[in-house]
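Chemist: task: produce atomic coordinates for the following.
(2 chains)
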Number of protein chains: 2
Amino acid sequence: MDFTLNTFSGLVENALKAISYPEVAPKLFDPIRYTLSSGGKRIRPALTLAVYAALAKKDPSEVINQALAVELFHNFTLLHDDVMDRADIRRGRPTVHRKWNDNVAILSGDAMLTLASQTLAKGAGKHLDDLYKCFNATAMEVYEGQQLDMEFEDRNDVAVDEYLFMIGLKTSVLLGCACRLGAIMADADSETADALYRYGYSLGMAFQLRDDWLDTFGDPTVFGKEIGGDILNHKKTWLLITALEAEPEELPAILAEDLEPRETIAQVKALYERHKLGDRCQDLATKYSAQAKLELDKIDMDVEARLFFGTLADSASSRKH
Amino acid sequence: MDFTLNTFSGLVENALKAISYPEVAPKLFDPIRYTLSSGGKRIRPALTLAVYAALAKKDPSEVINQALAVELFHNFTLLHDDVMDRADIRRGRPTVHRKWNDNVAILSGDAMLTLASQTLAKGAGKHLDDLYKCFNATAMEVYEGQQLDMEFEDRNDVAVDEYLFMIGLKTSVLLGCACRLGAIMADADSETADALYRYGYSLGMAFQLRDDWLDTFGDPTVFGKEIGGDILNHKKTWLLITALEAEPEELPAILAEDLEPRETIAQVKALYERHKLGDRCQDLATKYSAQAKLELDKIDMDVEARLFFGTLADSASSRKH
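Modeler: Numbers count the residues shown, from 1 in each chain, chains lettered A, B, ... in the order given. A predicted model of the protein is given here:
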């Protein structure tokens, strides 16, 4: 078997296209098809497939439904988050609530969550209870993360540890869950499943911190969206929170000034650079990648699989887009 | 055991109060507590408990979690429906999106759905797969019902059969599911489980049609809310849809006139009465109650249980509020 991200994401794309939807009230499902057809890296379902293939040494297609459940859940959260955040664009296309309306986004999101739950059960056999426990507990944590993220918007005293805890809930636990679902299906012992969960969790942390870094320090020609959006939105990223601690007077003053967007970005970046925040953010992302790789050492797997997971961990904190 | 609605709803109230919520992001759960503390008849969870008690002849508390799952799901749909319908008041109190805001209602609703799913699994044992299949399939049907209901708002050609199909999805399948979950937990054979599902479904139809009737023809001193709200909102009820078929010119003309609310209600009621629509709506509700009772004849149960389910079926189409 070909242990590459392309192989796994290709399986996911095909399976997403093959989902059959109920024929009653077809308009309920159009936004789901739309959301699922807009691409994305498919990292989460790829993790489920890769973990199963690595541990069980069997065809990853056997757990395609568990992989899809994770991707469906992830896309459901994007759909509802975009309503809550009033986001207009997602992956270069109008968000569901912009293309249709809020009601469509709410109800189709609900349907997507239930579809995820239904898909999780397919072919689960004796593992049903374990899969649901992991899936539902993770779902609840993701909502908690979104709740904290929204609460942070109205606060100027968010500590870095609080931020890391929040992104852990909002982002990282789902990558951990994706790994654990694959491990459960492969009949892995609990030490292996736990180590893979922590691998996924650290991978998620690396991804999110690199995301914060890219939004400010990325190369606009390859990043795929405008640089500086987080700064202009006063988004509570690692960079902003750490900078607020270092410059509690100057940073809010810059953000409050009525400047050209380009000038605001330039001044905030200069402040970040004065405190070497770009490097420190990147170092933290790299540290999480290293932590993820440490977990791999505890698991018995073939060299191909180990290379796949190791490369993925490195790329989480070194990717350009 | 005391086979009364009060007994069962009392068990449900106590169990709802005893739910423990995660301590991370407590603000996520305040709206859930608020929603669950606002009362309601608790018919759905009572059905799960009563079916289990009737078939297994065991303490209904053994299936309290499956009963709670149904009630949690039902309240989740109310929470999200109230956002979509811009409803301000529910059970005499501000709705969640009014008391807090839309984002709170969306996210807490999501958490409530996942909480329902978690609760369903508790004590499920070997029945887990059957419970989830019924629960998730029903959830999807309820969304389909809400989708059709919203689509009907923009249509003036909704046929009565379409309406009955819609309320079947939006309301009745959940009462059917509530019964089936109790039957599954009691190890009932599929004929018994199917008959009880149909009992619950017919009960739901009777309830909804009586609801339509009460909103126009109820006694304002006992109904608990203003009479005529459906008429003023141009809500596509059985009465309005049937009247539109009978008076495709006159009814829209009345609704389009700029009258005092009381006068609009009086004129529409007069039109309904000219076509005996109040009686016909009530007859249909009574027919569904009778259908529900026919299903009971197919099931082996004690006289007390039979009396409980029969009385409930009658009251669905004869209740005053």
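Chemist: show me what counts as buried in the helix or strand that residue A:213 is a member of.
Modeler: Per DSSP states H and E: residue A:213 is located in helix A:190-217. Using 16 or more other Cβ atoms under 10 Å in any protein chain shown as the test for burial, helix A:190-217 gives A:192-217. Backbone N, C-alpha and C define where each C-beta goes, glycine included.
Chemist: quick one: mean pLDDT over it.
Modeler: For helix A:190-217, mean pLDDT rounds to 97.
Chemist: could you pull up the mean pLDDT of whichever helix or strand comes after it?
Modeler: The helix or strand immediately downstream of helix A:190-217 is helix A:220-223, counting by DSSP H and E. Average pLDDT, helix A:220-223: 85.
Chemist: dump helix A:220-223 to CSV, keeping only the CA atoms.
Modeler: The C-alpha coordinates for helix A:220-223 follow below in CSV (Å, rounded to 0.1, in the frame of the first residue of the first chain):
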residue,chain,number,x,y,z
PRO,A,220,1.5,35.9,0.0
THR,A,221,2.4,34.3,-3.3
VAL,A,222,1.9,30.8,-1.9
PHE,A,223,-0.3,31.3,1.2
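Chemist: check which helices and strands the helix or strand following that helix is in contact with.
Modeler: Proceeding N to C from helix A:220-223, the next assigned helix or strand is helix A:229-232, under DSSP H and E. Helix A:229-232 is packed against helix A:190-217, helix A:238-246, helix A:261-274, with contacts defined by 3 or more Cβ pairs under 8 Å, 6 or more residues apart in numbering or on different chains; DSSP states H and E.
Chemist: so which elements touch the helix holding residue A:213?
Modeler: Short answer (3+ Cβ pairs under 8 Å, 6+ apart): helix A:190-217 packs on helix A:43-56, helix A:160-167, helix A:173-185, helix A:229-232, helix A:238-246, helix A:261-274, helix A:277-296, helix A:303-316.
Chemist: tell me which of the ones you listed is the most buried.
Modeler: Comparing these by mean neighbour count (mean count of other Cβ atoms under 10 Å in any protein chain shown), helix A:173-185 comes out on top with a mean of 28.
Chemist: near chain B, which residues of the stretch 101-250 of chain A show up?
Modeler: A:102-103, A:106-107, A:109-111, A:113-115, A:117-118, A:121, A:124, A:128-129, A:132-133, A:136-137, A:139-141, A:143-148, A:150-151, A:169 (Cβ under 8 Å from any Cβ of the partner chain).
Chemist: quick check: closest non-adjacent residue to residue A:222.
Modeler: Spatial nearest neighbour of residue A:222, excluding adjacent residues (Cβ to Cβ, 6 or more residues apart in numbering or on different chains): residue A:320 at 4.7 Å.
Chemist: count of neighbours near residue A:222?
Modeler: As a burial measure, residue A:222 scores 10 neighbours (other Cβ atoms under 10 Å in any protein chain shown).
Chemist: oh sorry, the question was meant for residue A:12
Modeler: 26.
Chemist: for it, what is the enclosing helix or strand?
Modeler: helix A:5-17.
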